[in-house]
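Undergrad: I would like the atomic coordinates for the input below:
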Amino acid sequence: MSARITFDQLARAPDEAIDVALGAALISKDVYDELDVGALLLQLEELGGPLRGGALAGMPLSAQVDAVSERFRELGFRGNADDYYDVRNSLLSDVLERRTGIPITLTVVWCEIARRAGVFARGVGFPGHFLARVDELPALSGRAASAPVIVDPFHSGRVVTDVDARRLLQPTQGPSAELTPRLFEAATSRATLVRMLTNLKAIWAGRGEHTRAFVALHRLVSLRPDSADLLRERGALAAGLGLSDLARRDFERALELEPGVGEAALRKQLAALAGSRKAAPN
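TA: Numbers count the residues shown, from 1 in each chain. Coordinates of the predicted model:
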């Protein structure tokens, strides 16, 4: 996809056509208006260094992972455990500049380095801690398949064992949580961007920066246009920001998608919006 594409255009593409790195770059541009998206993607391209051009293709998965993680550490990338909720950890442009981030942004970087090295790497939406997964390339699927390797870019690209995974799972799922294969399934590009934006929305809202939270929420609706939950949330925030027409459309669409869910509250909000329009001066 071209760096000139808008986020809305990206969001309308099929999952398999969505470029996660481009989406993450466009999310950064929402914050830094002067950001050169093409230059940022070129910077990401160059991170692979000597691994670029498929240098690791065909090697055993463990060797692929070791080489990518060694390159990742050599570049200085690390998890920002000291200031986890710094918004810059969630913005690809800042992550590339500062070499620090949270699990999901660091996983995007790790996977981009891996992809250019000929490694089939994808993100994993593990509960509470985004991870990477490395599989055999589909073109090599005819040979005896190796078990996927799970990697934690937040912790320097270490390989995740079952013991590690249980430890990561407990804060969100409790001590009795069980590991299942579903937890390690590859996340779609759309799901990855949704999770990234959900993090950002929560950070902006927590800081009282409601306009920025609205922008993140607007991007989420672009990715999930038929999510009644997101439409209700955007409608409420739009109403608070004085965007009455958008709020009305969101509430009405949410009622179409999920009749009866919160209907009384939504109709009350619609009535209030209608009343405010009548009271507005001509």
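Undergrad: CA atoms for contacts and neighbours, from now on please.
TA: Noted.
Undergrad: quick one: the helices in the stretch 101-250 of the chain?
TA: With helices called from DSSP state H, counting those that start in this stretch, the stretch 101-250 of the chain shows them at 103-116, 162-173, 189-206, 210-223, 228-240, 244-257.
Undergrad: nearest to Leu270 among those would be which one?
TA: helix 244-257 (6.1 Å; Cα to Cα).
Undergrad: alpha carbons only: can I get the closest one in CSV?
TA: Taking Å, rounded to 0.1, in the frame of the first residue of the first chain, the C-alpha atoms of helix 244-257 are listed here in CSV:
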residue,chain,number,x,y,z
SER,A,244,-24.2,16.9,17.6
ASP,A,245,-24.8,15.6,14.1
LEU,A,246,-22.2,12.9,14.3
ALA,A,247,-23.5,11.9,17.8
ARG,A,248,-27.0,11.6,16.4
ARG,A,249,-25.9,9.5,13.5
ASP,A,250,-23.8,7.2,15.8
PHE,A,251,-26.7,6.7,18.2
GLU,A,252,-29.2,6.0,15.4
ARG,A,253,-26.8,3.5,13.7
ALA,A,254,-26.1,1.8,17.1
LEU,A,255,-29.9,1.3,17.5
GLU,A,256,-30.1,-0.2,14.0
LEU,A,257,-27.3,-2.6,14.7
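Undergrad: and it, what's buried?
TA: Going by neighbour count (16 or more other Cα atoms under 10 Å), the buried part of helix 244-257 is 244, 246-248, 250-255.
Undergrad: residues in contact with stretch 56-75?
TA: The contact list for stretch 56-75, computed with Cα atoms under 8 Å, 6 or more residues apart in numbering, reads 47-48, 51, 99, 110, 113-114, 117-119, 134-136, 146, 148-149, 151, 153, 156-158.
Undergrad: now do stretch 150-160
TA: 65, 69, 72-73, 77-80, 101-103, 106-107, 110, 130-134, 149, 161, 184.
Undergrad: which of those are buried?
TA: 65, 69, 72-73, 77-80, 101-103, 106-107, 110, 130-134, 149, 184.
Undergrad: out of the helices of the stretch 101-250 of the chain, which one sits most buried?
TA: Counting by mean count of other Cα atoms under 10 Å, helix 103-116 has the highest mean neighbour count of the helices of the stretch 101-250 of the chain, with a mean of 25.
Undergrad: who are the packing partners of it?
TA: helix 20-31, helix 37-46, helix 61-74, strand 78-79, helix 92-98, strand 120-124, strand 131-135, helix 189-206 (3 or more Cα pairs under 8 Å, 6 or more residues apart in numbering; DSSP states H and E).
Undergrad: which elements pack onto the first one?
TA: Contacts defined by 3+ Cα pairs under 8 Å, 6+ apart place helix 20-31 against helix 7-12, helix 37-46, helix 92-98, helix 103-116, helix 189-206.
Undergrad: same deal with the fourth one?
TA: Contact partners of strand 78-79 among helices and strands, from 3+ Cα pairs under 8 Å, 6+ apart: strand 100-101, helix 103-116.
Undergrad: what would these look like in a markdown table with mean pLDDT and distance to Leu26?
TA: Formatted as a markdown table, the helices and strands packed on strand 78-79 follow (pLDDT from 0 to 100; distance: least, Cα to Cα, whole Å):
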| stretch | mean pLDDT | distance to Leu26 |
| --- | --- | --- |
| strand 100-101 | 98 | 17 |
| helix 103-116 | 98 | 13 |
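Undergrad: using CSV, lay out the helices of the stretch 101-250 of the chain together with distance to Leu10.
TA: Putting the helices of the stretch 101-250 of the chain into CSV (distance: least, Cα to Cα, whole Å) gives the following:
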stretch, distance to Leu10
helix 103-116, 17
helix 162-173, 31
helix 189-206, 10
helix 210-223, 9
helix 228-240, 18
helix 244-257, 21
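Undergrad: wait, His210 sits on Leu200?
TA: No. In this structure His210 lies outside contact range of Leu200 using Cα atoms under 8 Å: 11.5 Å.
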